[in-house]
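1. coordinates only, sequence not included:
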């Protein structure tokens, strides 16, 4: 389905029929992570809608909007196989007709971690997700833990704006070497792909240090940095240990924490994270 | 109904029963203008929901949030008589639980006219209306033309965010002397109430000048100002002739225009406007 109006009509009909709608919003070029969301939605709802829309609003002027990988044919086949009932793939001109002026922004959560390196990114994310929610009218929506900050921002938006939608955040799906699945992995050369495994290794190292009793934030993140620096292709954007709730740096290793990082492998920016609970 | 969750449950049930919901959001202390919206909604929908909520977010720090007039008992009786089925009157603590972080903002339309004198006002309006729409889930929502800029902002928000809601903007209801009905009229002394009639008189003067062929913006607004200045209690905030669509000042008297003004009568800020079409 391409048309906003038709999608809304279809969702309205489902609601009148008392059918539940599960929704998986994506930017396409789907991997096993996306498909795990679709499968869960298909299990839990009468109808599963997936969207494929590369949202210009969440890319910075120097980022990879133009070269972001696209494969609608492949996506369609994979979505169908995983249990998608409706593929919604609107045109940018229909999503943002000129002059477009309305933005949804989740303050405080939008300017840490990735928000620091990507100003405006989360404003673009919350705006497009609010729009997609209003178009698809889901009962439940599915997101991946790989984009941890996105999940926190969307959860807060949903709560603050009283959107009557259950959010499900599903575990990160990884390659055999541990690299988190991401559409941007397609940018990596075979050598870079091997190097990129260091990202998840650094997260596991941090978890091991904490489990072994290490409580110095500086030492943990420095050990992570040291490990990552061993790869010539790697350049660290950030390595942070933050509250899983507020996304702000913690002073002590205690409570529900998110170890999060962004690393450039060559010119490809990759993110990953691990949630831990320390008592 | 006081509870957000109960209101949503109730609206969901109406949707499953294929019943249409008309919605009249208000800040209470209702007058004939509000009640004309309720009556129209009752005519056009199966169920009419009215909300009474004095939204702290749309008041500036030096504005009249605290002293804004309230009369829930009177409102309830008037709403019932006019055909309201459900009165939704949430508590501020439930609408904005701490920490509240998510805002809906309609750029460009939020900083002209009243937005210039009331920075943040329309951000507060669009945010609360987005929340109320998500809670009440109306098919149609009713607003008054007296708050012309609010109507333009909400219409743009609804369109940009793909909210599947029909908006109806109903004519301003006036006192016998021409003064636009407003909850804030209750602040006026009897003498000030007489003086306040000059606001609508200045709008009618502008319309007459235009109908008689006057095409100089400066002369029209200067005639309006002169008339208003004859009242000692009056202090002009702004007098503008803008495009009814973009709310930006026009250079020539042509097309769909809004003659809009805000005038302090004593310490009470009153607004009014007239839409005209010049061909």
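-> Right, received. Where do you want to start? What you see is a predicted model, and the numbers here were worked out from it, not measured in a lab.
2. Please list the residues of the stretch 101-250 of chain A that sit near chain B.
-> A:101-109, A:126-127, A:130-131, A:134-135, A:137, A:156-157, A:160-164 (Cβ under 8 Å from any Cβ of the partner chain). (C-beta placed from N, C-alpha, C; glycine too.)
3. and the helix or strand that contains residue A:5, does that touch chain B?
-> Residue A:5 belongs to helix A:4-16 when assigned by DSSP states H and E. Yes: judged by Cβ under 8 Å from any Cβ, helix A:4-16 comes into contact with chain B at A:4, A:8, A:12, A:15-16.
4. could I get the residues you listed as TSV with distance to residue A:69, neighbour count and pLDDT?
-> Output for the residues of helix A:4-16 next to chain B, formatted as TSV (distance: Cβ to Cβ, whole Å; neighbours: other Cβ atoms under 10 Å in any protein chain shown; pLDDT from 0 to 100):
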residue	distance to residue A:69	neighbour count	pLDDT
A:4	25	20	98
A:8	29	17	98
A:12	33	15	95
A:15	34	18	92
A:16	38	12	90
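5. Of those, which is the nearest to residue A:275?
-> residue A:15 (34.0 Å; Cβ to Cβ).
6. Between the two ends of stretch A:177-196, how far is it?
-> Start-to-end span of stretch A:177-196 (Cα to Cα, to the nearest Å) is 9 Å.
7. Residue A:278 contacts residue A:259, correct?
-> No: with contact defined as Cβ atoms under 8 Å, residue A:278 and residue A:259 do not form a contacting pair (10.9 Å).
8. neighbour count winner among those two?
-> residue A:259 (25 against 13; other Cβ atoms under 10 Å in any protein chain shown).
9. Surely the more buried one is in a strand?
-> Yes: residue state for residue A:259 (DSSP: H, G, I helix; E, B strand; the rest coil) corresponds to a strand.
10. and it, what does it touch?
-> A:203, A:206-207, A:224, A:240-241, A:273-274, A:276 (Cβ atoms under 8 Å, 6 or more residues apart in numbering or on different chains).
11. Residue A:226: neighbour count?
-> 11.
12. wait, residue A:138
-> 27.
13. give me phi/psi at the closest residue to it other than its chain neighbours?
-> Nearest non-adjacent residue to residue A:138, counting by Cβ to Cβ, 6 or more residues apart in numbering or on different chains: residue A:23, 3.5 Å away. Reported as degrees, to the nearest 10, the phi and psi values for residue A:23 are phi -130, psi 130.
14. Tell me what residue A:23 is bridged to.
-> With DSSP bridges as the criterion, residue A:23 is bridged to residue A:49, residue A:141.
15. so it touches residue A:51, yeah?
-> Yes: the pair residue A:23 and residue A:51 passes the contact test of Cβ under 8 Å, sitting 7.4 Å apart.
16. pLDDT score for residue A:37?
-> Note for residue A:37: predicted pLDDT of 98.
17. what sits up against the strand or helix carrying it?
-> Taking DSSP H and E as the definition, one finds residue A:37 inside helix A:32-44. Outside helix A:32-44, the residues that touch it by Cβ under 8 Å, 6+ apart are A:20, A:22-24, A:26, A:48, A:50, A:78-79, A:82-84, A:140, A:142-144, A:146, A:168, A:170-173, A:180-182.
18. how does it look with 6 Å?
-> Here helix A:32-44 makes contact (Cβ atoms under 6 Å, 6 or more residues apart in numbering or on different chains) with A:22, A:24, A:26, A:48, A:50, A:82-84, A:142, A:144, A:170, A:173, A:181.
19. Which of the residues of helix A:4-16 next to chain B sits closest to residue B:65?
-> The closest of these, once distances to residue B:65 are taken by Cβ to Cβ, is residue A:8, at 36.2 Å.
20. ok, the closest one - contacts?
-> A:135, B:164.
21. What's the separation between it and residue A:15?
-> Distance, residue A:8 to residue A:15, by Cβ to Cβ, to the nearest Å: 10 Å.
22. Next: residue A:212.
-> Residue A:212 is 52 Å from residue A:15, by Cβ to Cβ.
23. Spell out which residues make up each domain of chain A.
-> A:4-170, A:183-274 (automatic domain parsing).
24. most tightly surrounded among the ones you listed?
-> Mean neighbours per residue, mean count of other Cβ atoms under 10 Å in any protein chain shown, is largest over those for domain A:4-170, with a mean of 19.
25. Out of the domains of chain A, which gets nearest to residue B:218?
-> domain A:4-170 (28.1 Å).
26. Ends of that closest one, what's the gap?
-> End residues of domain A:4-170 are separated by 27 Å (Cα to Cα).
27. now do stretch A:229-237
-> End to end - Cα to Cα - stretch A:229-237 spans 12 Å.
28. How far off centre is that stretch?
-> 23 Å (Cα atoms, centre = their mean, to the nearest Å).
29. quick one: average pLDDT of it?
-> Rounded mean pLDDT across stretch A:229-237 is 98.
30. contacting residues around it?
-> A:117, A:192, A:195, A:198, A:228, A:262-266.
31. which residues do residue A:278 and residue A:259 both contact?
-> By Cβ under 6 Å, 6+ apart, no residue touches both residue A:278 and residue A:259.
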